[in-house]
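> Sequence and predicted model, in that order:
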Amino acid sequence: MTPGARVAAAAEILDAIRDGQAAEQALTTWARGSRFAGSKDRAAVRDHVYDALRARRSLGDGTGRGLMIALAQRDGADPDALFTGEGHAPAVLDGAERAALAEHTAQSDAQKCDMPDCLWPLWQQSLGADATQAAMAQQRRADVYLRVNRRRTSVTEAIAALSQDQIIAVPHPDIAGCLRVTANPRRIKLAAAYLDGRVELQDASSQFAISQLRVPAGGRVLDYCAGGGGKALGIADQFDAQVFAHDIAPQRMADLSARATRAGVDVPQIATDDLLQSDRFDVVFCDAPCSGSGTWRRTPDAKWRLTEERLDRMQGMQADVIAAGAKLVRPGGVLAYATCSVLAIENDAIVDAFCAQHPTWQRRARHQLLPGENGDGFYLCLLENT
């Protein structure tokens, strides 16, 4: 596909998303109907779509074509070189489109920060002076991070092994065992170091959260909302402990056993019905379902689909998760409540309400990471039952 044909495809997909399709569904539908598109073409089209979604409002919030014209201008490309009307490239710009490019329409703060109007006040209340910077950080692609399985290799050896597959990675400035990928991130899942379990994909913020845990030697740890099990694997790698995984939807953990074997760790899964009959745990890690507001540059579609009703439902689930997780902690143990959100109503408000209802539980540490150059947004609160 030519660069112009890729832009035309992205515009078509963006229109499907505008009409109500989820981003991944629209991309999959296009790919299935475009067998001529190679892997590089599909990756380029995907990048175009997600780049436009991240900055949908500041790019004009128009049609797919309008978004791609504005995106080209923003990124310093010449729209006339892409919109040629030749072959499968989109038609040349008309007079109105050229006039729109020349105009500098005043935008509200919410528009400039690519935030829905209904969420902007809540975002400001939650982040204060950091609101604008954190929002604008999500207008660009997030870096890819790896966790080095230090039971299998060292950071230096992992970097060298990745370089054999033309993947360049550098150590994170603050998190031991964390690597930022600076070249060829799409090759990771084909790299020998990934396939044999020496490195695992995991955002820096999640790795930071794991590093803040205090796990006694031989202790019992439960990853309560395990999902794919990334945090359980990281805990098992970092600590000499018995690590277990649970998720209310067990199918989310389908790949966990294979990943654990590859990493050289053991992470048994516990069914929901068996939890209350199980011995209690020294640490229960509750990564609760949330808006994902700290990771919207990875899933920008979620930002535009979030509604007040959905946010209310999330808070109900979060209250249930923290209360259920607390019942599984042994006396003197630690409850870790976490989200990948930066909204206070999903974080401090949930912890405050829980502590008010359960006064024997006290905060021991609190961390709020914001999306930026060193990782995604993430919230972690460590509580102890006194």
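Arrived safely.
> what's the distance between residue 200 and residue 333?
Going from residue 200 to residue 333 by C-beta to C-beta, to the nearest Å gives 26 Å. The way it works is simple: take the backbone N, C-alpha and C, and place the C-beta from them, glycine included.
> same question but for residue 76, I mixed them up
Noted for residue 76: a distance of 54 Å to residue 333, by C-beta to C-beta.
> next one: residue 378
According to C-beta to C-beta, residue 378 stands 22 Å off from residue 333.
> more neighbours, these two?
Shown here are residue 378 and residue 333; by other C-beta atoms under 10 Å, residue 378 has more neighbours (26 against 20).
> ok, residue 311 touching residue 291?
Yes: the criterion here is C-beta atoms under 8 Å, and residue 311 meets it with residue 291 at 6.1 Å.
> So for those two, which residues contact both of them?
Residues touching both residue 311 and residue 291 (C-beta atoms under 8 Å, 6 or more residues apart in numbering) are 343, 346.
> Next up, the contacts around residue 165.
184, 187, 190-193.
> Can you check what pLDDT the model gives it?
pLDDT for residue 165: 97.
> any idea how far it is from residue 185?
11 Å.
> Over to residue 49?
17 Å.
> more crowded one of the two?
The residue with more neighbours, out of residue 49 and residue 185, is residue 49; 27 against 18, by other C-beta under 10 Å.
> in whichever helix or strand the more buried one is part of, what's buried?
When elements are assigned from DSSP states H and E, residue 49 belongs to helix 39-54. By neighbour count with 16 or more other C-beta atoms under 10 Å, helix 39-54 contains the buried residues 41-42, 44-46, 48-54.
> same question, stretch 190-204
In stretch 190-204, counting by 16+ other C-beta under 10 Å, buried: 191, 193-194, 197-200, 202-204.
> Those residues into CSV, with extra columns for pLDDT?
Converted to CSV, the buried residues of stretch 190-204 look like this (pLDDT from 0 to 100):
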residue, pLDDT
191, 97
193, 97
194, 96
197, 94
198, 96
199, 97
200, 97
202, 96
203, 95
204, 97
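> Inside helices: which ones of these?
Using DSSP state H, the members of these that fall within helices are 193-194, 204.
> Format those as a markdown table; extra columns: distance to residue 96.
Formatted as a markdown table, those follow (distance: C-beta to C-beta, whole Å):
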| residue | distance to residue 96 |
| --- | --- |
| 193 | 52 |
| 194 | 48 |
| 204 | 44 |
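> Return the member of those nearest to residue 32.
When those are compared for distance to residue 32 (C-beta to C-beta), residue 194 wins out at 26.9 Å.
> Report the contact partners of that closest one.
By C-beta under 8 Å, 6+ apart, the contact set of residue 194 is 188, 200-201.
> Let's have those residues in CSV, adding distance to residue 373.
Listed next are these as CSV, based on distance: C-beta to C-beta, whole Å:
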residue, distance to residue 373
188, 20
200, 21
201, 18
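> from these, which ones fall inside strands?
Secondary structure from DSSP state E places 200-201 of those in strands.
> Sketch out the helices for the stretch 1-150 of the chain, chain order is fine.
3-18, 23-32, 39-54, 64-74, 79-82, 95-102, 109-112, 120-127, 131-137 (DSSP state H, counting those that start in this stretch).
> Any idea which of the ones you listed gets closest to residue 306?
Taking C-beta to C-beta, helix 120-127 is the member of the helices of the stretch 1-150 of the chain nearest to residue 306, at 10.4 Å.
> Pull the residues that contact that closest one.
So helix 120-127 is contacted by 109-110, 113, 115, 131, 134-135, 293, 342-345, 370 (C-beta under 8 Å, 6+ apart).
> And for this protein, the residue most distant from the center?
For the chain, the largest distance from the centre (C-alpha atoms, centre = their mean) belongs to residue 95, which lies 39.8 Å off.
> gap between that one and residue 102?
Residue 95 is 11 Å from residue 102, by C-beta to C-beta.
> For the chain, which helix or strand comes out least confident on mean pLDDT?
helix 95-102 (a mean of 90; mean pLDDT, DSSP states H and E).
> neighbouring contacts of that one?
Applying C-beta under 8 Å, 6+ apart, the external contacts of helix 95-102 come out as 60, 66, 69-70, 73, 79, 93.
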